[in-house]
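> The following block contains a protein sequence and its predicted model.
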Amino acid sequence: MGIGRVSKHLIEHRWRVRRIFSPQVLALIEQAIKAGEATHSGQVRFVVEGALDGMPLFAGQSARERAFDIFSHLRIWDTAHNNGVLIYLLLADRKVEIVADRGIDTKVGAVGWQKICAAMESDFKSGNFSGGVIKGIAAVSRELATYFPKRGTGPNELPDAPVVL
């Protein structure tokens with residue numbers, strides 16, 4: 001853990017998350033999740049966190065480790081077909097992580113998820129946060145549709161609304 005990272009996280013305020021992810025942008029993200037889930041039986045969640053604080057920050061918790069904590073806390077692993085996917089953005093680090101349940105993760109693999117993350121991070125570098133997230137959701141949904149296509153009407157097991165921490 002470097003002093004630079006700690007400083008970034010201490011300076012990064014929740015107002016920045018609210019400015020970038022306004023209610024209108026969050027509504028667009030929710031619509032993108034709903035549209036994607038109309039094509040597959042998987043479950044997609046999007047979580048954005050402005051910065052780490054307290055023990056996670058000072059213990060040097062990585063964005064990946066934090067994503068696993070959130071994946072577990074939101075019970076994304078608890079879907080009927082083991083095909084839940086978390087897209088997690090840690091804004092202070094400009095880092096996106098995808099954590100997928102074993103049913104879909106074994107199909108797409110780390111390389112596939114990293115490719116989607118890299119494309120999203122490229123959009124984030126140019127300031128296109130909403131576009132990057134929506135494209136990322138579409139890419140995850142394409143993977144889910146390939147391996148878990150929609151068959152009939154199944155339950156929506158997880159909320160579609162984005163989570164802002």
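Now that the structure is in, tell me what you want to look at. Keep in mind that this is a model prediction, so the values were computed, not measured.
> got a list of what the nearest residue to residue 74 once chain neighbours are set aside touches?
Spatial nearest neighbour of residue 74, excluding adjacent residues (CB to CB, 6 or more residues apart in numbering): residue 45 at 6.1 Å. For glycine as for every other residue, the C-beta is placed from the backbone atoms N, C-alpha and C. Applying CB atoms under 8 Å, 6 or more residues apart in numbering, we find residue 45 in contact with 33, 74, 76, 84, 85, 86, 87, 158, 159, 162, 163.
> Three-state assignment for residue 45, please.
The local conformation at residue 45, judged by DSSP: H, G, I helix; E, B strand; the rest coil, is strand.
> I'd like the average pLDDT over stretch 150-164.
Across stretch 150-164, the average pLDDT comes to 88.
> how about that stretch: buried residues?
Burial within stretch 150-164, assessed by neighbour count using 16 or more other CB atoms under 10 Å, is assigned to 157, 158, 160, 162, 163.
> Repeat that for stretch 102-117.
Buried-residue list, stretch 102-117, by 16+ other CB under 10 Å: 103, 104, 105, 108, 112, 113, 116, 117.
> Am I right that the first one falls within a helix?
Yes - checked against three-state DSSP, residue 103 lies within a helix.
> quick one: contacts for the nearest residue to it once chain neighbours are set aside?
In this structure, residue 103 finds its nearest non-sequential neighbour in residue 82, 3.1 Å apart by CB to CB, 6+ apart. Residue 82 makes contact with 101, 102, 103, 104 under the criterion CB under 8 Å, 6+ apart.
> Would you check how far apart the first one and residue 69 are?
The spacing between residue 101 and residue 69, counted by CB to CB, to the nearest Å, is 15 Å.
> higher neighbour count, those two?
More neighbours surround residue 101 than the other of residue 101 and residue 69, with 20 against 13 (other CB atoms under 10 Å).
> What are the neighbouring residues in contact with the residue most central in space within the chain?
For the chain, the residue sitting closest to the mean C-alpha position, by CA atoms, centre = their mean, is residue 87 at 1.4 Å. Counting by CB under 8 Å, 6+ apart, residue 87 touches 44, 45, 46, 47, 96, 97, 98, 120, 133, 136, 137, 140.
> would you list every one of the helices in the protein?
3-11, 14-20, 23-37, 54-58, 63-73, 102-125, 129-147 (DSSP state H).
> Could you pull up the mean pLDDT of the longest one?
Read that as helix 102-125. For helix 102-125, mean pLDDT is 96.
> Give me the contact list for it.
By CB under 8 Å, 6+ apart, the residues outside helix 102-125 that reach it are 42, 79, 81-85, 87, 89, 94-98, 100, 129, 131-133, 135-136, 139-140, 143-144, 146-148.
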